[in-house]
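Chemist: sequence plus predicted model, see below.
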Protein chains: 2
Amino acid sequence: MTITQLKYALAIAEHQNFTKAAESCFVTQPTLSTQIQKLEDELDIIIFDRGKKPIELTDVGRKIVFQARNIVNEAERIQDIVDQQKGFIGGEFRLGIIPTVMPTLLPMFLKNFIKKYPKVKLKIEELTTEEILTRINEGHLDAAIAATPLENENIKERVLYYEPFVAYIPDNHRLKDKKAIEVSDLDIEDMLLLEDGHCFRDGVINLCKTFKNQAEESFQLESGSIETLIKLSNEGLGMTLLPYLHTLDFREKLSHNLRHFKEPSPAREVSIIYHKSELKMQIIDAMHNVISGIIRGAIVFSNVEIISPLPK
Amino acid sequence: MTITQLKYALAIAEHQNFTKAAESCFVTQPTLSTQIQKLEDELDIIIFDRGKKPIELTDVGRKIVFQARNIVNEAERIQDIVDQQKGFIGGEFRLGIIPTVMPTLLPMFLKNFIKKYPKVKLKIEELTTEEILTRINEGHLDAAIAATPLENENIKERVLYYEPFVAYIPDNHRLKDKKAIEVSDLDIEDMLLLEDGHCFRDGVINLCKTFKNQAEESFQLESGSIETLIKLSNEGLGMTLLPYLHTLDFREKLSHNLRHFKEPSPAREVSIIYHKSELKMQIIDAMHNVISGIIRGAIVFSNVEIISPLPK
DNA sequence: TCACTTTGATAACAAAAACATATAGTTTTT
DNA sequence: AAAAACTATATGTTTTTGTTATCAAAGTGA
């Protein structure tokens, strides 16, 4: 049994296809076939059920692949130890970011980060929280930026900042003349929401439920982006809530529609999250430092109440 | 980096000597030299300081070897998973037993166990608790039988039985006429103890301290075996405490010197202990079942008070 | 200090393993 | 039924791993 064989098994389990798995490992398909056969021979057990199409794991196969993931992870930490020793902050670093954080946070820290750590090859993907969790667990992401707490036992969280919700009230709205909004003012009936899958949507729903246990699924309109939400709101279709950082570059025309909450303002907790194995922890530390340094200048609220990003 | 290379590194770290490590791996010394060089080249870091004699680990080397231990352990679990799947209870199983349990418990269960699980190649060693903990952590023991609780975060415990302390009172002793002993009767001044390193000794000392916070290091006599302890006691040198199982095969002549404690009788907790990685768990389960089945017939006490086996 | 031993490194070579190309044998799609 | 998509197998090449023989350096002891 070699680490290489285990990596091959992982790739096949993932792609459910020898040929594609071979590509992802940068070897030819017969190499995988023979190496997996050798592994199966040595253990004297069948890992993959080639009868099914696409290929499936046997019951033992599933356990073995799970354990193989552990072994490969632990093996990668050897390089990590060496990097740490050398004070080397570099190599590939795959970062996921949720859609409602991506457009505001990324421009703020990216330039600083790549300047300070030029040896890190950043690969950034916009992903929903759910996709992020899967990929971190499967080892396809090194870390991610998401709303927390997530209560996932395999994943650790390190808070970056607390981002207050800000209300966007169109001109014709019943709350137009209020200077400061309260949570009890909110009514999910005239609230514009992001479409399903966005945790910011779930946060808003949780917030609305704080005071009123409203009927679900009666939402009027849903959109895929916050920019659209604002436009829909301007059309008089209802109010909406925005993450604070989104409101920073509003022109006067728009910003006179903004209303902050009375303190303690509801807020989402935004964290850098990573697998509990703490692989590439130096880079995660570095990124945490850069981001929280930058945010310290941008968000000054102190008295906030954290709203859970989880549905239901 | 291969699992084999990591195993070689572990062997060298352990033996502090390439030649001996090579033997333990069943390869020649040049093989180790070149493989370790390859590993060091690949990681571009020095693991072993060949300047020192005997050879020493560098600082990074220590971390790498620690991680290598994890990886090798996790890798061995693959075979474990396969064994579990096949319901196979077999292979080498290295068991440590503390001296004060060995002579009484081993004869009781060994025959049964090898009859029931003939494919397990048992390697049993008599070791002190301290030696056991080191060896389990270094992966040289699969499990051990020892007095617990040990409060060691790397080691899990599964209780086998509670074994009461029994007093052995020689004819001329002040407590001779008492039918049932109480803890408050005990005085460490006239108590014969096992020599240092035995946890049973520490248990007795802890017990004596329950009521009197006596001066330490004023013990009269110490011995390496319980049999000698009894003989010394018969010479009028003091009383002593014995583990219950040791008293079962006493002839009448000896057993009239025995005094049980008033309930709740002080007792030691005897457990099968193993590394938290739960390697070879099927065999540990099997052994636990055999032993506790046999003990159920031999120890009938229910109301006991557990005495810690740890010094101080 | 001078043999002598111990121990790790190196060279040369043999054996084994890993991988590629080419191709055959299945199953699935169309 | 033909084509396409996949995996297995045969064969040869390259790479890796291991062995034996030998060397160099450090430590040991008379």
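Modeler: Alright, I've got the coordinates.
Chemist: now A:Leu186: phi and psi?
Modeler: When read as degrees, to the nearest 10, the backbone of A:Leu186 gives phi -70, psi 140.
Chemist: can you check A:Met191 too?
Modeler: phi -110, psi 130.
Chemist: tell me the helix or strand right after the worst-scoring helix or strand of chain A on mean pLDDT.
Modeler: Least confident element among the helices and strands of chain A, by mean pLDDT, DSSP states H and E: strand A:222-223 (a mean of 72). Next in sequence after strand A:222-223, counting helices and strands by DSSP states H and E, comes helix A:226-232.
Chemist: return the distance of the helix or strand following that following helix from the chain's centre.
Modeler: Downstream of helix A:226-232, the first helix or strand assigned by DSSP H and E is strand A:239-243. Centroid separation for strand A:239-243 versus its chain: 20 Å, with Cα atoms, centre = their mean, to the nearest Å.
Chemist: contact partners of strand A:239-243?
Modeler: A:100-101, A:104, A:163, A:165-170, A:173, A:175, A:190-193, A:200, A:204, A:207, A:226, A:229-230, A:232-233, A:258, A:268 (Cβ atoms under 8 Å, 6 or more residues apart in numbering or on different chains). Any C-beta I mention is one placed from the backbone N, CA and C, and that applies to glycine too.
Chemist: is the residue of the stretch 201-312 of chain A found nearest DNA strand C in a helix, a strand, or coil?
Modeler: Proximity of the stretch 201-312 of chain A to DNA strand C (Cβ to the nearest atom of the strand) peaks at A:Leu279, 23.0 Å away. What DSSP: H, G, I helix; E, B strand; the rest coil gives for A:Leu279 is coil.
Chemist: show me the contacts for A:Lys119.
Modeler: Counted by Cβ under 8 Å, 6+ apart, A:Lys119 has contacts A:88-91.
Chemist: swap in 6 Å and give it another go.
Modeler: Applying Cβ atoms under 6 Å, 6 or more residues apart in numbering or on different chains, we find A:Lys119 in contact with A:Gly90.
Chemist: run the contact check for stretch A:13-26 versus DNA strand D.
Modeler: Yes: Stretch A:13-26 is in contact with DNA strand D by Cβ under 7 Å from any atom of the strand, via A:17-19.
Chemist: ok, now how distant is A:Leu232 from A:Arg251?
Modeler: Relative to A:Arg251, A:Leu232 is positioned 18 Å away (Cβ to Cβ, to the nearest Å).
Chemist: for A:Ile132, same thing?
Modeler: 33 Å.
Chemist: looking at these two, which has the bigger crowd around it?
Modeler: Taking other Cβ atoms under 10 Å in any protein chain shown, A:Ile132 and A:Arg251 do not tie; A:Ile132 has more neighbours (26 against 7).
Chemist: please name every helix or strand in contact with the helix or strand that contains that one.
Modeler: Element membership for A:Ile132 (DSSP H and E) is helix A:129-137. On a contact count with 3 or more Cβ pairs under 6 Å, 6 or more residues apart in numbering or on different chains; DSSP states H and E, helix A:129-137 meets strand A:143-148.
Chemist: gap between the strand it packs on and the chain center?
Modeler: Worked out by Cα atoms, centre = their mean, strand A:143-148 lies 4 Å from the chain centre.
Chemist: got the buried residues for whichever helix or strand comes after it?
Modeler: Next helix or strand after strand A:143-148 toward the C-terminus (DSSP H and E): strand A:155-168. Buried residues in strand A:155-168, counted by 16 or more other Cβ atoms under 10 Å in any protein chain shown: A:155-157, A:160-168.
Chemist: for A:Leu245, state which of those is nearest.
Modeler: When the buried residues of strand A:155-168 are compared for distance to A:Leu245 (Cβ to Cβ), A:Glu163 comes out closest, at 6.0 Å.
Chemist: that closest one pairs with what?
Modeler: Note on A:Glu163: beta-bridge partners by DSSP bridges are A:Arg268.
Chemist: give the contact list for the residue of the stretch 201-312 of chain A closest to DNA strand C.
Modeler: A:Asp80.
Chemist: with A:Ile12 instead?
Modeler: A:Ala21.
Chemist: buried residues in stretch A:27-40?
Modeler: Result for stretch A:27-40 [16+ other Cβ under 10 Å]: buried residues A:32-33, A:35-36, A:39-40.
Chemist: having no further points to raise, I will conclude here.
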